[in-house]
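Novice: I'll drop the sequence and a predicted model, then ask my questions.
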Amino acid sequence: MHRVRTTMQPHIDVEVNDAELLDLERQGLLVQRPSDSAPAAAPAKTPTSAKAKEADR
């Protein structure tokens, strides 16, 4: 059994078997969980150079 979350009820864990998991994946109905092996998102870049240029004026 697999514990997944669907896009229809993302706050609820649902237990599904292999066939149901495959169907949900094919239909794009699974919520992607962040995994431990996935790299962390890069922090947003700040336009510091533009701010520095405005300060010099």
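Specialist: Thanks, I have it.

Novice: switch to C-alpha atoms for all contacts and neighbour counts from now on
Specialist: Will do.

Novice: contacting residues around Asn6?
Specialist: Careful, residue 6 is Thr and not Asn. By Cα atoms under 8 Å, 6 or more residues apart in numbering, the contact list for Thr6 reads 12, 14, 29-31.

Novice: And the helices in the chain?
Specialist: 18-27, 48-56 (DSSP state H).

Novice: pLDDT below threshold where in the protein?
Specialist: When residues are selected by pLDDT under 70, those of the chain lie in 34-57.

Novice: about what we covered before: is it possible to export the contacts of Thr6 to TSV including neighbour count and distance to Leu21?
Specialist: Shown next, in TSV, are the contacts of Thr6 (neighbours: other Cα atoms under 10 Å; distance: Cα to Cα, whole Å):
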residue	neighbour count	distance to Leu21
Ile12	12	15
Val14	13	10
Leu29	16	10
Leu30	18	9
Val31	16	12
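
Novice: any idea which of the residues you listed is closest to Arg3?
Specialist: Val14 (5.4 Å; Cα to Cα).
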